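Chemist: sequence and predicted structure below; questions after.
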Amino acid sequence: MTRIRNNGPLVFIGCESSYDEADMVMFGAPFDGTCSYRPGSRFAGSSIRAESYGIETYSPYLERDLADLSVFDAGELDLPFGNACEVLDRIEEAASEIASDGKILLMIGGEHLVTLGAVRAIAKKHPGLNILHFDAHADLRDDYMGEKLSHATVIRRCHELVGGKVYQFGIRSMTREEDLWARENVVQRKYDLGTLDEVLDELMGKPLYLTIDLDVLDPSIFPGTGTPEPGGVSFTDLISAIHRIRGLDIVGCDVNELAPHYDQSGVSTAVACKVIRELILSVL
């Protein structure tokens, strides 16, 4: 049964195409059931849609406009509380339909575990899938307090699906075990986005899934997140990195870990909106 054919009452600005005509399909995954510190990212999608009307559809950076593209915003998936396995199954079902219809997926989390459901679907559609990961946290634990499915283990689970083709940037928080495991199993750039161009050259022509945990940004820019980690990248650096993916074979992407209620100024939500706008305009 399809879960993605009806727009919600409010859509992201400029993303008003029908499903059939859309090149990209956006949906929200409102789940934060394994959050290990501060919950609240399940409210990101609704906040992002409402606050997106505070930005323009036009990007002066790229001189492109969302109004000229075909993006369908399906609203929020209906996800159960307290059942991570069922949540991932529902995300995988929705992502599978989008991929089967030849459209690019854009998922709005939610906590980072939701990425696993989408990657499960996209990896089946695109053998040889690569993952480009921007984050403050490595998310490479084999388990977190005995649980294999967690926002702290998500990239380890994705790594198992794609056979090791994982590239991480901005990482500045991990356990000793994660650090040692990463040295042998992933390409990881700590602290910043340096060497990104070298990796992008390597990824040219290969199917790529991009996952952006917004806590890659310094919390002075983006305090509205569940696990803020000082020492992050600037907004300008992140947007520049997103712009540089133009021309790559992006088959799916996500933006996650906004927890809007921890930033009463609304600035973090505005940052998320602008990241999403620039991401759409860079992928399509």
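Modeler: Here it is on my side, so go on. Numbers count the residues shown, from 1 in each chain.

Chemist: contact partners of stretch 140-157?
Modeler: Contacts to stretch 140-157, defined as Cβ atoms under 8 Å, 6 or more residues apart in numbering, come from residues 34-36, 84-85, 88, 111-113, 115-116, 131, 133, 135, 137-139, 159, 166, 168, 174-175, 177-178, 181-182, 186, 257. Using the backbone N, CA and C atoms, a C-beta is placed for each residue, glycine as well.

Chemist: for that stretch, the averaged confidence score.
Modeler: Average pLDDT, stretch 140-157: 88.

Chemist: measure that stretch end to end?
Modeler: 8 Å (Cα to Cα, to the nearest Å).

Chemist: before we move on, what about stretch 59-77?
Modeler: 28 Å.

Chemist: chain center to it: distance?
Modeler: Distance of stretch 59-77 from the chain centroid (Cα atoms, centre = their mean, to the nearest Å) equals 16 Å.

Chemist: try stretch 42-61
Modeler: 15 Å.

Chemist: ok, Phe81 - contacts?
Modeler: By Cβ under 8 Å, 6+ apart, the neighbours of Phe81 are Gly33.

Chemist: at 10 Å what do you get?
Modeler: By Cβ atoms under 10 Å, 6 or more residues apart in numbering, the contact set of Phe81 is 31-33, 42, 87.

Chemist: likewise Leu248?
Modeler: 130, 132, 200, 203-208, 210, 282-283.

Chemist: could you identify the buried members of those?
Modeler: Among the contacts of Leu248, those classed as buried by 16 or more other Cβ atoms under 10 Å are 130, 132, 200, 203, 207-208, 210, 282-283.

Chemist: let's see which of those residues end up in strands.
Modeler: 130, 132, 207-208, 210 (DSSP state E).

Chemist: just the closest of those to Leu10, please.
Modeler: Checking these against Leu10 by Cβ to Cβ gives Leu210 as the nearest, at 25.0 Å.

Chemist: quick check: the closest one touching Phe134?
Modeler: Yes - assessed by Cβ atoms under 10 Å, Leu210 is found in contact with Phe134 at 7.9 Å.

Chemist: so what sits against both of these two?
Modeler: Looking at what touches both Leu210 and Phe134 (by Cβ under 10 Å, 6+ apart), the common residues are 167, 241-242, 255.

Chemist: can you redo the residues you listed as a markdown table with distance to Val71 and pLDDT?
Modeler: A markdown table is the format used below for the shared contacts of Leu210 and Phe134 (distance: Cβ to Cβ, whole Å; pLDDT from 0 to 100):
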| residue | distance to Val71 | pLDDT |
| --- | --- | --- |
| Tyr167 | 26 | 98 |
| Ala241 | 21 | 98 |
| Ile242 | 16 | 98 |
| Val255 | 14 | 98 |
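
Chemist: in strands, which of those residues fall?
Modeler: 167, 255.

Chemist: any idea which of the shared contacts of Leu210 and Phe134 is closest to Asp68?
Modeler: Ile242 (18.3 Å).

Chemist: quick one: the closest one and Glu184, what's the gap?
Modeler: To Glu184, Ile242 is 29 Å away according to Cβ to Cβ, to the nearest Å.

Chemist: who's more crowded, those two?
Modeler: With neighbours defined as other Cβ atoms under 10 Å, Ile242 and Glu184 compare such that Ile242 has more, 25 against 7.

Chemist: Leu196 contacts His133, doesn't it?
Modeler: No - at 11.7 Å, Leu196 and His133 do not qualify as touching, with contact defined as Cβ under 10 Å.

Chemist: what is in contact with those two at once?
Modeler: What both Leu196 and His133 touch, as defined by Cβ under 10 Å, 6+ apart, is the set 167, 169-170.
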